[in-house]
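Enquirer: sequence first, then the predicted structure, then my questions.
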Amino acid sequence: MKIRVQDWVGALGVLIFAVPVLGAQAGGANPSGSATAGQAQAPVTAQATTPMQTPTGMPGWMMPAPHENAPLGKFERFPGNGEGAYKTGQYRDLFQEQGHAPAETRAKIEKAFQQLFHGDGQEERVYFETGANENGTLAYVTDWNNNDARTEGMSYGMMICVELNHKREFDAIWNWAHTYMLITDAKNPSAGYFAWSMNTDGTPRSTGAAPDGEEYFAMALYFAAHRWGNGKGIYNYQAEAEKILRGIRHHPVETGTGPFRNHPGDEPFVEPDHPWPGLNTDRMEAAAKAAGRPWPPQFYRFMRGGPQKESIGPMVDEAHNMIKFVPNWPGGTTDASYHLPAFYELWSRWGPVEDRVFWATAADVSRDFFSRVTGPETGLTPDRSNFDGTPVTGRDGTPVPFMADSWRSVSNWSVDYSWWKKDPRETVLSDRIQKFFFSQGIDKIVDRYTLDGKPLSDHHPLGPISTTAVGSLAATDGPAAKAFVDALWNEPVPSGESRYYDGMLYLMSMMHVSGEFRIIKESTSH
C-alpha cells in the first residue's frame, strides 16, 4: 500500500521524504517510472540520495542527511527447489488442522469474494464495472477511504480472481488498468509503467509508478497464462507479464521536467494544493480543525512549487539486487513489504531468460534482508529502509516505523516458506512477530509501532491480524500460531469504510491459510 499523504498530515504530524523528488506521488514522492526494454544499469557499490532543492516557507522542515549505502555484503544462497509446495505440491490447510472442514472454508472464501466483488456498492464491494471498450468489460478496484484506484488494489484484485478462477473479473480489471493506468506519453519518463493512483473516472492522481503493483500485475498475469492460456492483444497474458518484468529491471533512465501526462492527449497533471477528496481527508480535516491546525496543510502548497525535473530508471537497485520503493534514479530506498521472494523464485524459472539469475539472487537477498531489518524483539519491519538495511530517517528525525505497508511483510516471508521452505530464519521471524502481537492482545493490535514495539496509534485494523495469521505457515506450531488462525477464521468480511485494504488482505490471507492460494504452474491443456 503506498503511503498516503492524507493519512499522515495531521494524524502523525510526520512526513517522510526518503525519495529523491517530490511531485505527483504518494508520501510526497513522485515515483514515476516506465517499463520499456533496455539494458540493466551498471552496478555501483554505493548510492547516495539525490539532493533535493530545500523547500522554502515550510516550517519544521528537516532535510535528511544523504545516505550512502554500504555495498551488498555476504548472504546465504539457497539453490534448488527447496522442500515446500513448489516441490511437493502439498499446501497446508491450517483451518482444517484446527477442525474446520475444507468445504466450510471454501464457502467462507466464496462469500468474501462475492461480498467484496459483487456486494452492496455503498457498504461491501470494492469492484466496480464501468462499461466496455474494444477489449471488453472495464472494471476498477477502489480504495474506498481515499476514493481512488491503485495499482496495488488492481493487482491484488487480479491475483484473487486468477486464484479463484474468475476470468471475467480478471480481464475487466486488467483492461481498466491497461486503458487508464498504463503510461503511454513518450515525454513522461515513466512511459510504460502504470500510474500508481488514478481517479475512478480514469483521470490521473499520479504520473508515475509503484513497484508493488507492478510485481503483483506480473505474477497474476503469469498465473493467468497458465490457468486459461494466452489470448490476443492485451490478453496475451504471458507477453504482458514479460513486458512488465523486463521494465522492472531494464527500464532505461529517462529524464524530463514536469508536469507530465499519462497519455498523449491528456492535460498536464498538476498536483492540487489540497488533499484529494475522500473519507480519510474528511477525518484529517476535522482533526486539524479541532486541534487548531491550518487546513489544508502547507505541504500541499509546497508541492505546487514549480516544475520538477526528475529521472526515472529501473524498479530494482542493481547493485543491491533488490526492489526499490520508487524508480526515481539514482539513489532511493526500499520497502520490506515489496520484497516477494516467493514470486522471484518463479520468475527465475519462468521469466525472461536473461533475468533469471538476477531474480534467483533477489530471492536470497530478500530473505536475508527480512532478517536484517526486522525488530530483534518484535519481528516488525519498517515501512522503508536503505538498501543496506539501515533505517531511513523521517522528517522528525526518528526512524521510519512499522505502518500499513509493513503489515504485509510477515505474509511475504511466510508464503515464501510455504512455497519454497528454504530459509529457516523465516520461522524465527514468524515466531517473533506472533509472540509480540500475542503479548499485545490480538484485539489490541494497532496499525503503527516503533520497531521496538511502542504503539503509535489507537486504531485497531483487521489487516495486521490477517497477515499475521499467514505467519502461521512458517511459525512453530503452538498457542500463538493457533490463536492467529482462529482470529482470522472469526473475523467478519471487512465492510464499510475500511473494506479495501483490510478486505484485500483478509481475502488473500484466507486463501493462503487454507492452502487455496497456490502456484499455478503451466499446463499442457487449458
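Expert: Cool, the structure landed.
Enquirer: every contact and neighbour count from this point should use C-alpha atoms.
Expert: Noted.
Enquirer: just the residues contacting the helix or strand where Ala481 lies, thanks.
Expert: Taking DSSP states H and E as the definition, Ala481 sits inside helix 479-490. Here helix 479-490 makes contact (Cα atoms under 8 Å, 6 or more residues apart in numbering) with 94-95, 98, 431, 434-435, 438, 442, 465-466, 468-472, 475, 506, 510, 513.
Enquirer: list only buried entries from those.
Expert: 94-95, 431, 434-435, 438, 442, 465-466, 468-472, 475, 506, 510, 513 (16 or more other Cα atoms under 10 Å).
Enquirer: and the residues you listed, which of them are in helices?
Expert: Members of the buried ones among the contacts of helix 479-490 lying in helices (criterion: DSSP state H): 94-95, 431, 434-435, 438, 465-466, 468-470, 506, 510, 513.
Enquirer: His166: which of those residues is nearest?
Expert: Met510 (16.8 Å; Cα to Cα).
Enquirer: residues of the helix holding Ala481 that come out buried?
Expert: Buried residues in helix 479-490, counted by 16+ other Cα under 10 Å: 480-485, 487-489.
Enquirer: chain center to it, what's the gap?
Expert: What separates the centre of helix 479-490 from the centre of its chain is 24 Å, taken as Cα atoms, centre = their mean, to the nearest Å.
Enquirer: same check, this time on stretch 171-181
Expert: From the chain centre to the centre of stretch 171-181 is a distance of 18 Å (Cα atoms, centre = their mean).
Enquirer: that stretch: which residues count as buried?
Expert: 171-177, 179-181.
Enquirer: how about those in CSV, adding secondary structure?
Expert: Formatted as CSV, the buried residues of stretch 171-181 follow (DSSP: H, G, I helix; E, B strand; the rest coil):
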residue, secondary structure
Asp171, helix
Ala172, helix
Ile173, helix
Trp174, helix
Asn175, helix
Trp176, helix
Ala177, helix
Thr179, helix
Tyr180, helix
Met181, helix
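Enquirer: now tabulate these in JSON lines and tack on pLDDT and distance to Asp368.
Expert: JSON lines is the format used below for the buried residues of stretch 171-181 (pLDDT from 0 to 100; distance: Cα to Cα, whole Å):
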{"residue": "Asp171", "pLDDT": "99", "distance to Asp368": "36"}
{"residue": "Ala172", "pLDDT": "99", "distance to Asp368": "37"}
{"residue": "Ile173", "pLDDT": "99", "distance to Asp368": "34"}
{"residue": "Trp174", "pLDDT": "99", "distance to Asp368": "33"}
{"residue": "Asn175", "pLDDT": "99", "distance to Asp368": "37"}
{"residue": "Trp176", "pLDDT": "98", "distance to Asp368": "37"}
{"residue": "Ala177", "pLDDT": "98", "distance to Asp368": "33"}
{"residue": "Thr179", "pLDDT": "98", "distance to Asp368": "38"}
{"residue": "Tyr180", "pLDDT": "98", "distance to Asp368": "37"}
{"residue": "Met181", "pLDDT": "98", "distance to Asp368": "33"}
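Enquirer: which residue is nearest the centroid of the protein?
Expert: Centrality entry for the chain: nearest residue to the mean C-alpha point is Asp212, 3.7 Å, by Cα atoms, centre = their mean.
Enquirer: I'm done for today, thanks for sticking with me.
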